[in-house]
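Q: kindly return the folded structure for what I paste below:
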Amino acid sequence: MRKQPIKAIACMLAIMMLIGVMTACNPAKTSVSGTSTPSAGGTTTTAPATTTTADPNAPQDKTYTITWIGPQNSPLSNDPILIKKWNELFNVDIQFWNIDPNSWNDVLGTKFAGGDIPDLLYVNSAANFSNYVEQQLLAKIPDGMLDTYMPKTIDALVKDYDKVLLLGQKNGTQYTIPIGSYSNNLFHEPIVYRGDWMEKVGVTAAPTTLDEFKTLMYKFTNDDPDGNGKKDTFGLSTSGLNLVYGAFGLERKQWNAVGGKLVYSSIQPEMKEALTILAQWYKDGVIDPEFITGENKGGYWAVSNAFAEGRIGYSGHGGYYHWIPDLGPINESTGKASVLAGANYVELQKNNPGAEKKLVNGLPVTGPNGKSGTVGYALPHSHSVGFGKQLEQEPDKMAKIMTMYEYWTEDPEHWFEARLGIKDEMWHYNADGVPVSDFATWKEKNNKPDETLPGIGGHTVIEPFLLTSIDKIQNKYTFQWAAENKYDQGLIKSDLLISLPSASTYQTELDKMEDEAFIAIITGAKPVDYFDQFVTEYKAAGFATLEKEANEWWATMQ
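A: Below you'll find the model as predicted:
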């Protein structure tokens with residue numbers, strides 16, 4: 001495994017020497033190259049090579065029947081074109097299980113209880129990963145197989161997050177392969193100001209320090225930025241608190257690596273400093289008193305109604321892509337690749353036409369100790385793929401599935417085909433090299449009005465590994481916009497990437513204690529010094545158990 005590079009190199013050298021001896025004695029055992037197979041789109045595609053080497057784990061020259069589950073959001077149709085293509089291309093027979101995502105655990109629990117385990121098992125949560133290992137449903141992945149049969153995929157996964165494989169391990173044994181990265185998490189939460197309000201109160205640029213942020217928030221509150229002659233505006237609400245916490249180097253409810261161990265952010269002394277400022281701002285009427293119930297008042301979760309309706313002048317609600325302007329249509333000569341405006345941009349446009357064009361995107365502000373940042377989220381996805389326990393006796397089938405995944409990942413065009421369908425029929429590249437869907441046109445042309453991408457075996461049915469290198473191609477325009485607005489700078493992320501075993505016992509009550517304490521201090525119901533009492537009570541309410549588990553997990557990641 002990659003955790004023991006010296007041992008791995010020694011083993012590889014030994015294997016190379018052994019293969020050399022065996023080859024000399026039996027030169028007939030050689031590798032067989034890939035075969036060319038017509039694709040469903042009429043083009044010729046080279047399938048991954050089937051090997052017949054001395055490796056006992058190598059895929060054999062035969063047809064494999066593979067039972068498979070994936071995270072599809074609708075069942076396969078009667079004509080799953082892509083599944084048929086993969087069957088022919090890889091010389092396999094994929095028996096896909098249609099599982100309703102709303103009853104995933106119930107359906108699979110029944111199947112598992114009856115001894116029915118798929119060959120390819122999609123693991124849709126960290127909790128299920130632990131459960132499947134404990135129930136002995138997952139096969140152990142032998143050392144060296146991933147590097148042998150998925151080298152490009154593994155290299156790309158590790159490039160995105162160097163500890164990624166450890167997330168699929170339990171007690172040092174590899175059971176699953178983490179699915180990859182959620183690339184939108186390359187960027188921090190939004191930092192957005194009403195630019196038209198800034199003009200009204202005489203501020204020409206987004207704040208860069210906490211003091212400048214404070215000045216602007218007070219102006220938004222006191223200087224009638226909407227020009228209606230009423231004192232009915234506020235500087236910030238719920239999401240704005242995060243920018244203040246970040247100015248002290250922390251964000252709430254995170255576990256951060258400090259001095260070789262994980263510490264919980266919300267009980268650190270810096271939080272008391274931030275709360276001191278927020279309590280004063282609330283007292284001065286700068287924080288919307290409705291912050292307790294949040295900025296969203298119903299409808300789509302990512303919309304900041306408080307911002308769109310003109311109550312506040314700053315927001316960090318939702319994701320960066322919920323604030324993006326309309327960037328499309330693009331390259332109309334080769335097909336439209338529309339990047340539609342984000343939900344908050346659209347909502348502001350509805351309520352205050354023209355204001356959306358003056359939105360200002362800022363950076364995390366620097367606090368009194370030179371720290372800055374705002375909320376970022378973990379890059380690694382919580383999902384993974386593993387193999388049914390029975391494949392411990394069929395390592396060649398396990399290797400075969402690995403070669404299939406390698407094929408889908410090694411070339412972006414293969415990846416897009418697995419997601420979008422047959423190239424030049426169901427999608428094409430535009431002039432910027434961005435894939436553009438033609439699926440609606442294909443459905444009309446082939447008289448299949450009810451067909452879906454999952455129906456033909458696309459979308460997330462197979463779910464090839466998620467790599468930022470590929471995501472940067474398909475999301476080129478939005479990622480460029482985010483980078484231009486510096487959303488890739490100043491992220492504060494939690495270092496804990498799993499749900500702790502005892503979280504179900506303690507976390508709900510601990511979160512309640514924390515929320516109540518922070519609200520009480522900010523609103524003045526409790527003095528700022530109450531923070532010290534809160535920390536003492538928090539530590540006595542089961543926190544020690546979670547702290548122990550967090551650091552036991554952290555030790556496995558080193």
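Q: shaky segments in the stretch 151-300 of the chain?
A: Scanning the stretch 151-300 of the chain for pLDDT under 70 picks out nothing.
Q: what are the boundaries of the strands in it?
A: Secondary structure of the stretch 151-300 of the chain (DSSP state E, counting those that start in this stretch): strands located at 169-170, 173-174, 176-178, 192-193, 255-258, 261-264.
Q: so which residues make contact with stretch 538-547?
A: Residues from elsewhere that reach stretch 538-547 (Cβ atoms under 8 Å, 6 or more residues apart in numbering): 262, 264, 267, 500, 502-503, 505-507, 509-510, 513-514, 517. For every residue, glycine as well, the C-beta is placed using N, CA and C.
Q: between those residues, which is nearest residue 104?
A: Among these, residue 503 lies closest to residue 104 (Cβ to Cβ), at 20.4 Å.
Q: thinking again about what came up before, so among the contacts of stretch 538-547, which ones count as buried?
A: 262, 264, 267, 500, 503, 506, 507, 510, 513, 514, 517 (16 or more other Cβ atoms under 10 Å).
Q: name whatever forms a beta bridge with the first one.
A: On DSSP bridges, the residues paired with residue 262 through beta bridges are residue 257.
Q: isn't it right next to residue 550, touching?
A: Yes - counting by Cβ atoms under 8 Å, residue 262 does reach residue 550; the two are 4.7 Å apart.
Q: so what sits against both of these two?
A: Common contacts of residue 262 and residue 550, defined by Cβ under 8 Å, 6+ apart, comprise 255, 496.
Q: who touches stretch 246-255?
A: 210, 213, 242, 245, 256, 262-266, 268, 270-271, 273-274, 364-369, 371-375, 490, 492-496, 511, 514, 518, 550.
Q: need the strands of the stretch 151-300 of the chain in CSV (columns: distance to residue 530).
A: Shown next, in CSV, are those (distance: least, Cβ to Cβ, whole Å):
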stretch, distance to residue 530
strand 169-170, 41
strand 173-174, 46
strand 176-178, 41
strand 192-193, 32
strand 255-258, 23
strand 261-264, 18
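Q: report the central residue of this structure.
A: Centroid check for the chain by Cα atoms, centre = their mean gives residue 182 as the closest residue, at 2.6 Å.
Q: residue contacts, that residue?
A: 377, 378, 379, 380, 381, 466.
Q: let me know the closest of the residues you listed to residue 473.
A: Of the contacts of residue 182, the one sitting nearest to residue 473 (Cβ to Cβ) turns out to be residue 466, at 12.6 Å.
Q: OK, contacts around that closest one?
A: For residue 466, the contact set (Cβ under 8 Å, 6+ apart) comprises 179, 180, 181, 182, 183, 381.
Q: okay, the nearest residue to the second one once chain neighbours are set aside: pLDDT?
A: So the one you mean is residue 180. Excluding the flanking residues, the one nearest residue 180 by Cβ to Cβ, 6 or more residues apart in numbering is residue 466, at 3.3 Å. Reported pLDDT at residue 466 in the predicted model: 96.
Q: and the helices in the stretch 51-200 of the chain?
A: 81-90, 104-113, 126-134, 145-149, 151-160, 195-200 (DSSP state H, counting those that start in this stretch).
Q: now for residue 139, how many residues are close by?
A: Counted with other Cβ atoms under 10 Å, the neighbours of residue 139 add up to 24.
Q: perfect, that will be all.
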